[in-house]
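>>> quick one: sequence and predicted model below, then my questions.
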Amino acid sequence: MNKIDLSPVRKFFPALNKEFSGKKRIYLDGAGGTQVPQSVIDAMVDYLQNKNGNYGGYFDTSVQTDKLLVEVREKMADFLNAPDWKEVLLGPNMTTLTFSLVWAISREIKPGDEILLDRTAHGGNIDAWRSLKDYGAVIKYIDFSRDECMLDYETAEKLIGKKTKLIAVGLASNATGTINDVKRLAGAAHKFGAMVFVDAVHAAPHIPIDVVELDADFLVCSAYKFFGPHVGFLWGRADILNRLDPYRPWAEISNDIPGKYILGTPNMEGFAGAAAALAYIEMIGNTFGESFSKKFGNFSGKRLALKKAMAAVSEYELVLGLKLNDGLKNINGLKVYGITDPSKFHLRCPTFSFTLNGHTSSEISKKMNEKGIFVWNGEEGFGAYELVKYLDLIKTGGLLRVSLEHYNTMDEIEFFLSSLEEIN
């Protein structure tokens with residue numbers, strides 16, 4: 001294994017280097033939202049100070065804003081390997097963008113059309129598509145194994161047929177870290193003309209994403225999960241985006257993509273920060289990712305740098321994840337939900353959710369906070385409510401989630417594990 005050390009990037013993150021009450025915080029809460037580098041903060045301030053204006057005008061700040069909205073779409077297209085930046089839609093977050101797409105697709109739904117949902121997914125994915133029941137759609141679910149929380153692909157393929165309109169699946173579970181085989185599901189879906197919607201919010205800061213390779217029709221992610229501010233992106237195939245008729249103001253004069261999907265004024269300073277976050281990731285690729293160049297020989301320029309970055313991040317996080325996994329195995333009464341077999345770690349992100357006998361997730365989270373360690377309590381599954389309901393964990397206090405990012409270190413993991421031993 002090529003050992004990559006990404007700890008030098010910590011210097012770019014102000015929050016990681018500040019002391020509070022005489023101690024530094026340990027952020028093990030990345031799946032709920034990552035910290036941001038100084039360049040993101042600077043980009044947002046620069047926009048508000050020097051470029052702040054609405055889009056579509058002929059004066060300087062408006063023209064600069066128009067350029068920004070194209071630039072951030074271009075950067076996101078590079079990040080996802082999307083064919084065209086015009087396929088990238090902007091919004092406040094994944095959930096809002098998903099519901100907007102659902103409303104557009106609802107115009108095409110006929111009674112009896114089937115929607116197949118990933119039971120391990122976030123509620124923003126499940127509940128948005130489940131609302132199509134109101135239009136006559138039949139909702140079906142892909143189940144999963146209880147321990148490793150891997151989808152049952154064979155059963156899923158049997159559920160896909162002529163009536164299937166759309167499959168909605170997470171690329172990686174925000175609760176268990178399990179990475180799903182989207183390409184396999186997409187292959188089965190497209191045989192019957194069904195669309196495939198991918199929630200990549202949790203996967204985006206951890207693994208390279210290629211919408212062409214995934215064979216997806218739509219993919220969503222949010223910048224605050226990959227070191228940016230609270231804004232969201234939705235990529236969709238141009239032919240489908242052009243075909244759909246989304247609900248929008250001024251429909252008679254707004255018929256081109258991406259314009260016809262704009263609902264109100266975008267968060268311009270947020271997208272300035274998102275562009276800076278993507279530039280930061282590109283920097284990782286140029287600085288730490290050279291050994292991955294051959295792996296992505298079909299890419300060049302910014303797209304190559306971004307793929308190298310995420311490969312480097314994935315490899316560094318693999319080592320962190322193995323360390324955390326080993327430590328959790330040695331704690332009596334602790335059960336991890338998700339993949340724990342090291343030989344399968346290419347199928348998971350470094351996100352670990354577990355129960356600990358005699359302790360609720362909220363109790364552990366509060367005790368960890370006293371030590372400056374930030375972890376998530378998950379009585380409702382961190383939004384993955386269907387998962388914890390299926391596992392019958394709500395009544396026992398839900399899951400405790402530890403989610404690592406590329407700015408975490410071995411020392412932080414060791415301190416967390418020793419603190420958990422003290423609680424136990």
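That came through, no problem.

>>> would you map the helices across the chain?
Counting by DSSP state H, the chain has these helices, from start to end: 38-46, 60-80, 94-106, 123-130, 153-159, 182-190, 211-214, 238-243, 268-288, 301-329, 361-370, 385-390, 410-423.

>>> give the buried residues for the second one.
Right, the one you point to is helix 60-80. Going by neighbour count (16 or more other CB atoms under 10 Å), the buried part of helix 60-80 is 61-62, 64-66, 68-69, 71-80. Just so you know, the C-beta spots here come from the backbone N, C-alpha and C atoms, and that holds for glycine as well.

>>> next: the third one.
Buried positions in helix 94-106, judged by neighbour count with 16+ other CB under 10 Å: 94, 95, 96, 97, 98, 99, 100, 101, 102, 103, 104, 105.

>>> from memory residue 412 sits against residue 30, does it?
No - between residue 412 and residue 30 there is no contact under CB atoms under 8 Å: 11.7 Å.

>>> out of these two, which sits in the busier spot?
With neighbours defined as other CB atoms under 10 Å, residue 412 and residue 30 compare such that residue 30 has more, 27 against 20.

>>> spit out the contact partners of the more buried one.
By CB atoms under 8 Å, 6 or more residues apart in numbering, residue 30 lies in contact with 205, 225, 403, 404, 405, 408.

>>> out of the residues you listed, who has the most neighbours?
Going by other CB under 10 Å, residue 403 tops the contacts of residue 30 with 29 neighbours.

>>> and that residue, what is it in contact with?
28, 29, 30, 31, 32, 177, 350, 351, 352, 376.

>>> dump those into JSON lines; add distance to residue 8 and pLDDT as well.
As requested, the contacts of residue 403 are exported to JSON lines (distance: CB to CB, whole Å; pLDDT from 0 to 100):
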{"residue": "28", "distance to residue 8": "20", "pLDDT": "98"}
{"residue": "29", "distance to residue 8": "22", "pLDDT": "97"}
{"residue": "30", "distance to residue 8": "18", "pLDDT": "96"}
{"residue": "31", "distance to residue 8": "23", "pLDDT": "96"}
{"residue": "32", "distance to residue 8": "25", "pLDDT": "96"}
{"residue": "177", "distance to residue 8": "25", "pLDDT": "96"}
{"residue": "350", "distance to residue 8": "19", "pLDDT": "98"}
{"residue": "351", "distance to residue 8": "23", "pLDDT": "97"}
{"residue": "352", "distance to residue 8": "25", "pLDDT": "98"}
{"residue": "376", "distance to residue 8": "27", "pLDDT": "95"}
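
>>> output those as TSV; include the columns distance to residue 309.
Shown next, in TSV, are the contacts of residue 403 (distance: CB to CB, whole Å):
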residue	distance to residue 309
28	22
29	22
30	16
31	19
32	22
177	20
350	16
351	19
352	23
376	26
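
>>> now, those residues that are in strands?
With strands taken from DSSP state E, the overlap with these comprises 351, 352, 376.

>>> same list, these, but as a markdown table with neighbour count please.
Formatted as a markdown table, the ones in strands among the contacts of residue 403 follow (neighbours: other CB atoms under 10 Å):
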| residue | neighbour count |
| --- | --- |
| 351 | 28 |
| 352 | 28 |
| 376 | 24 |
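
>>> quick check, nearest of those to residue 246?
Ranked by distance to residue 246 (CB to CB), those are led by residue 351 at 32.7 Å.

>>> still on that earlier bit, what's the most distant pair in the contacts of residue 30?
Spatially, the most separated pair among these is 225 and 408, at 14.9 Å (CB to CB).

>>> now stretch 359-374: buried residues?
By neighbour count with 16+ other CB under 10 Å, stretch 359-374 contains the buried residues 359, 360, 361, 364, 365, 367, 368, 371, 372, 373, 374.

>>> pick out the most distant pair among those residues.
The most widely separated members of the buried residues of stretch 359-374, counting by CB to CB, are 360 and 372 (20.7 Å).

>>> got the contact list for residue 290?
By CB under 8 Å, 6+ apart, the contact set of residue 290 is residue 308.

>>> tally of neighbours for residue 389?
Around residue 389 there are 13 other residues, counting by other CB under 10 Å.

>>> quick check: pLDDT value at the closest residue to it other than its chain neighbours.
Distances taken as CB to CB, 6 or more residues apart in numbering place residue 381 nearest to residue 389, at 7.6 Å, with adjacent residues excluded. On the pLDDT scale, residue 381 is placed at 75.

>>> same check, this time on residue 255
At residue 255 the predicted local confidence, pLDDT, stands at 87.

>>> backbone dihedrals for it, both of them.
Residue 255 has phi and psi values of phi -120, psi 0 when expressed as degrees, to the nearest 10.

>>> strands - which of the contacts of residue 30 land there?
Of the positions in the contacts of residue 30, residue 403 sit in strands, assigned by DSSP E.

>>> of the contacts of residue 30, closest to residue 22?
For the contacts of residue 30, the nearest to residue 22 is residue 408 (21.1 Å; CB to CB).

>>> contacts for stretch 356-374 next, please.
Applying CB under 8 Å, 6+ apart, the contact partners of stretch 356-374 are 20-21, 23-29, 331-335, 355, 375-379, 396-401, 415-416, 419-420, 423-424.

>>> just the buried residues of the residues you listed.
Looks like the contacts of stretch 356-374 have 25-29, 331, 334, 355, 375-379, 397-401, 415-416, 419-420 buried, using 16+ other CB under 10 Å.

>>> from residue 303, how far out is the closest residue to residue 404 other than its chain neighbours?
Of all residues not flanking residue 404 in the chain, residue 350 sits nearest, at 4.0 Å (CB to CB, 6+ apart). For residue 350, the distance to residue 303 (CB to CB, to the nearest Å) stands at 24 Å.

>>> got it, and residue 342?
According to CB to CB, residue 342 stands 31 Å off from residue 303.

>>> between those two, who's got more neighbours?
Neighbours around residue 342 and residue 303, counted as other CB under 10 Å, are more numerous at residue 303. The numbers are 20 against 11.
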